[in-house]
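Novice: Fold the following and give me the result.
(2 chains)
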2 protein chains.
Amino acid sequence: MTELNSATSPNPDTLKVALLGCGNVGSQVARILLRDADSLAARTGARLELIGIAVRDLELARDPAIPAALFTDDARALVRSADLVIELLGGIEPARELIRSALEHGASVVSGNKALLAAEGPALYELADATGVQLSYEAAVAGAIPILRPIRDSLAGDKITRVLGIVNGTTNYILDQMDSTGADFESALAEAQRLGYAEADPTADVDGHDAAAKAAILASLSFHTRFALENVHCEGIRTISAADIEAARASGLVIKLLAIAEKVELDGAGQAGVNVRVHPTLLPREHPLASVRGAFNAVFVEAEYAGELMFYGQGAGGLATASAVLGDLVSAARRIVLGGPGRTETTKGSVPALGIDAVQTSYSIGLEVADQPGVLAKVAQIFAAHGVSIETMRQTIHPAAEATGSTARYAELRIVTHRAIESALAATVAQIRDLDVITSVTSVLRVEGV
Amino acid sequence: MTELNSATSPNPDTLKVALLGCGNVGSQVARILLRDADSLAARTGARLELIGIAVRDLELARDPAIPAALFTDDARALVRSADLVIELLGGIEPARELIRSALEHGASVVSGNKALLAAEGPALYELADATGVQLSYEAAVAGAIPILRPIRDSLAGDKITRVLGIVNGTTNYILDQMDSTGADFESALAEAQRLGYAEADPTADVDGHDAAAKAAILASLSFHTRFALENVHCEGIRTISAADIEAARASGLVIKLLAIAEKVELDGAGQAGVNVRVHPTLLPREHPLASVRGAFNAVFVEAEYAGELMFYGQGAGGLATASAVLGDLVSAARRIVLGGPGRTETTKGSVPALGIDAVQTSYSIGLEVADQPGVLAKVAQIFAAHGVSIETMRQTIHPAAEATGSTARYAELRIVTHRAIESALAATVAQIRDLDVITSVTSVLRVEGV
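Specialist: Next up is the predicted model:
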């Protein structure tokens, strides 16, 4: 480590770019590097020469617009001869090892690997700091939307208090379909799969894991503290029913899967913590995030001075994500051309990560109850006993379902609370579930933006 | 000029900050610099010491939260002893002279002065380039919204094709009021003045001059070419009537004052030009910009790879704008701490600025016509003669207005065209105006986002 930036001479005419991975995003990046070479050189001050593309299997058919001679299966050797490395492999290994190797020999790295950054980000940032090179990853969160750079640089003199993001296009498409067509989850998922918005195995998207990795990255940048995946409470959208969507609509709300990172005061003595969570969330229809339709992404940021900001755009897609990769690449390359060390992360703080129990928000609870006198009173009593204040309570009486032979009328209760602590709400719901007059708890959803 | 950056020693513990101007934004910047000194130092790597605030009149009452000893009326001397200069004076002189002095002696400058940057930007950027310091001005466009940095850095590897911005909160508030309450322009303006959204002399806002300066800055960054105020075609909102708003609503449209910068192919041979314009614009109600309410701002960016992006937030207000100033300040300060020259502008291109005549868009034309046979045919013929294709034509017959003694029925025509060249449309309208069956041309509005 005595020779930093050894790979790059000062004021180079040409910078050598290695691309790791050539999938949907990688092949677009390669095409643009080849096609726009002149305009990229004009903006960078040096030519960006694509010296090779590392792939796992050289036998696979590749994009005919990319010269076959560029492909190699020796990623390690490729990385060692590059000034700039673009990592689009995904997953932990060999991505981690290759990024470490690049940073150690003084190459700047652009990555779109949210899983790796959420899991191993801190160690990689430290390594980049130590070697004075740049590690950037705008493409890892919300695709084409410039969100990490604005949070890191534009809001550097402000204090972010909350981030609410629609950062997974698949689930937003599914929920939007359910909202606009009345479809249930299964058929909306099938439609999303048919259109290519959801994968054959949709787990990573619909169970919220993809959004959770992005939440960890957003939280780390927003609160200058390193949050890992295990700090993120994560719930997906499989449990959302057409009835939940309909009930939300009837109350002027919409259900979105949000990635949330929020600073909360702990004790009034200036101590603060951050909760990071992904879950289906009720939002008022007038909230700027409510009108984010289809597979689009958006991140809503609340800052002490700037107030409310929103960043909107395409969260996925090869070409759109390539735009974010190239923005990072040109920035890193300019830094090499102009001289000076890479931009480092400011994760100097250490705000504690809070568990879901400490979250304070409003809740909407759906109950199916026996239609008999005194039920409302019993339910209300339990809320009161746990200190959870009810804002609205609506009862709908359903007639006896003759077709099914059922003779008992039943009622549906929909309760919306004032802000309450999650642990108190959980205890309330547990006790209500045990009441003999309760047929079932049909849904418990958090409400934001009210 | 032999000693560049002479004011600043490498790796300084403290950086001296001079503030020029202490109005709405300036006093918030001063308060934050004083109050958040520790957290700003942690993010910057050096303390940001506010060494003085230059004001025109020392006798004026000032914010009691700011120590009186900081105020001075000798701006020139203050600038000479600073590492970082924040210019919030507005207007051309003495702001220009002071910024030049700062850049020449090696201080980085943060400015919120859109008028100066639109008029004199190119010369100032060149000076900053030459001395290797940073000139940043995020606060000059769309207040707290991080828009200039994303355009300059995040989209550096992409190609912007069009920018549509709601960049003036006053006019957006007025148009939003007219849309939601049916008020006419005069009463919506009076309401905006009562609430402090519009100034006593609202000219700069309602006639579009403020938006035009921002349009020039947005166009320069988006198309890597220097556009000045005289390249911007500018129309305000005084002519917008309640009837225009109502007609827009009936067609599922909304009227917004947009700043537009758009790249157009000139001849099919790869030659391109850019038109920069500010005018009231019809937008479909589903367009993301249509739901930007009240005094909020938003900038919608279309890029070849990223697709559609939108940036939304508060466009004005002391605290919100201070956030943008501080973001620039921390970035410039970090650059000094880390070493390396300031980020330079990439205005290396030279795409020609086009006049309004070359604009191609759709138009909505309102006509009051005599209710007699053959009028529609005459009107349609003139459109055809100029090669302007009609998309829709709607006629409303008004009964004779007995109250006013008028006995003639009259009709209203609302015509929406396909995309046409502005010069052809202008010639069409001029000829229609001369038809004897035309009582008046009530409105001609451009339509975007369809």
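Novice: helix, strand or coil for A:Ala142?
Specialist: coil (DSSP: H, G, I helix; E, B strand; the rest coil).
Novice: Just give the number of residues close to it.
Specialist: By the measure other C-beta atoms under 10 Å in any protein chain shown, the count of residues near A:Ala142 is 32. Quick note: C-beta positions are derived from backbone N, CA and C, even for glycine.
Novice: dump the residue contacts of the residue nearest to it when sequence neighbours are not counted.
Specialist: Closest residue in space to A:Ala142, ignoring its immediate chain neighbours: A:Asn297 at 4.5 Å, by C-beta to C-beta, 6 or more residues apart in numbering or on different chains. Neighbouring residues of A:Asn297 by C-beta atoms under 8 Å, 6 or more residues apart in numbering or on different chains: A:142-143, A:145, A:165-169, A:172, A:312-316.
Novice: For A:Asn297, which residues count as its bridge partners?
Specialist: A:Gly313 (DSSP bridges).
Novice: Let me know the pLDDT of it.
Specialist: According to the prediction, A:Asn297 has pLDDT 97.
Novice: a markdown table for the contacts of A:Asn297, including pLDDT?
Specialist: Below are the contacts of A:Asn297 laid out as a markdown table (pLDDT from 0 to 100):
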| residue | pLDDT |
| --- | --- |
| A:Ala142 | 92 |
| A:Gly143 | 91 |
| A:Ile145 | 95 |
| A:Gly165 | 97 |
| A:Ile166 | 98 |
| A:Val167 | 97 |
| A:Asn168 | 96 |
| A:Gly169 | 94 |
| A:Asn172 | 97 |
| A:Tyr312 | 97 |
| A:Gly313 | 96 |
| A:Gln314 | 94 |
| A:Gly315 | 90 |
| A:Ala316 | 87 |
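Novice: and the helix or strand encompassing A:Ser27, what's its mean pLDDT?
Specialist: Element membership of A:Ser27 [criterion: DSSP states H and E] is helix A:24-35. For helix A:24-35, the mean pLDDT works out to 96.
Novice: Flag every residue of the stretch 201-350 of chain A that's near chain B.
Specialist: A:224, A:288, A:291, A:303, A:305-314, A:317, A:319-320, A:322-327, A:329-331, A:334-335, A:338-341, A:343-344, A:346, A:348-349 (C-beta under 8 Å from any C-beta of the partner chain).
Novice: In the stretch 1-150 of chain A, what residue lies closest to chain B?
Specialist: With C-beta to the nearest C-beta as the measure, A:Pro146 is the residue of the stretch 1-150 of chain A nearest to chain B, at 3.3 Å.
Novice: ok, now which ones touch that residue?
Specialist: Taking C-beta under 8 Å, 6+ apart as the contact definition, A:Pro146 lies against A:Glu138, A:Phe311, A:Ala324, A:Gly327, B:Pro146, B:Pro150, B:Asp153, B:Ser154, B:Leu155, B:Leu309.
Novice: again with A:Glu235
Specialist: Shown in contact with A:Glu235 (C-beta under 8 Å, 6+ apart): A:Gly208, A:Val278, A:His279, A:Pro280.
Novice: wait, doesn't the last one sit right on A:Arg238?
Specialist: Read it as A:Pro280. No - using C-beta atoms under 8 Å, A:Pro280 is not in contact with A:Arg238, being 9.6 Å away.
Novice: Those two: which is more packed in?
Specialist: The neighbour comparison of A:Pro280 against A:Arg238 (other C-beta under 10 Å) goes to A:Pro280, with 22 against 16.
Novice: And the more buried one, what's its pLDDT?
Specialist: In this model, A:Pro280 carries a pLDDT of 97.
Novice: One more: A:Arg194?
Specialist: Reported pLDDT for A:Arg194: 95.
Novice: Kindly report the same for A:Thr346.
Specialist: 53.
Novice: check contacts around A:Leu319.
Specialist: A:Gln28, B:Tyr305, B:Gly307 are the contacts of A:Leu319 under C-beta under 8 Å, 6+ apart.
Novice: and the gap between the first one and A:Ala46?
Specialist: Okay, so that is A:Gln28. From A:Gln28 over to A:Ala46 the distance is 22 Å, taken as C-beta to C-beta, to the nearest Å.
Novice: Pick out whichever of those two has more residues nearby.
Specialist: A:Gln28 (23 against 18).
Novice: who's in contact with that one?
Specialist: A:Gln28 neighbours (C-beta under 8 Å, 6+ apart): A:Gly318, A:Leu319, A:Thr321, A:Ala322, B:Tyr305.
Novice: repeat that for 10 Å
Specialist: A:22, A:63, A:88, A:317-323, A:325-326, B:305 (C-beta atoms under 10 Å, 6 or more residues apart in numbering or on different chains).
Novice: Closest to B:Tyr410 out of the contacts of A:Asn297?
Specialist: Nearest to B:Tyr410 out of these is A:Tyr312 (C-beta to C-beta; 44.3 Å).
Novice: just checking, the closest one touches A:Asn172?
Specialist: No - with contact defined as C-beta atoms under 10 Å, A:Tyr312 does not count as touching A:Asn172 (11.7 Å).
Novice: Turn the contacts of A:Glu235 into TSV, columns for distance to B:Val79.
Specialist: Output for the contacts of A:Glu235, formatted as TSV (distance: C-beta to C-beta, whole Å):
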residue	distance to B:Val79
A:Gly208	53
A:Val278	49
A:His279	52
A:Pro280	54
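Novice: which one of those residues has the most neighbours?
Specialist: A:Val278 (29 neighbours).
Novice: That one belongs to a strand?
Specialist: Yes - per three-state DSSP, A:Val278 lies within a strand segment.
Novice: Beta-bridge partners for it, please?
Specialist: A:Cys234, A:Ala259.
Novice: quick one: contacts for it?
Specialist: By C-beta under 10 Å, 6+ apart, A:Val278 lies in contact with A:165, A:167-168, A:171, A:207-216, A:232-236, A:257-261.
Novice: what does A:Lys159 give?
Specialist: Applying C-beta under 10 Å, 6+ apart, the residues contacting A:Lys159 are A:Ser222, A:Phe223, A:His224, A:Lys263, A:Ala303, A:Glu304, A:Tyr305, A:Ala306, B:Ile32, B:Asp36, B:Ser39, B:Ser323.
Novice: let's see it at 6 Å
Specialist: With contacts defined as C-beta atoms under 6 Å, 6 or more residues apart in numbering or on different chains, the neighbours of A:Lys159 are A:Glu304.
Novice: Then A:Lys263?
Specialist: Per C-beta under 6 Å, 6+ apart, neighbours of A:Lys263: A:Thr161, A:Ala272, A:Val274.
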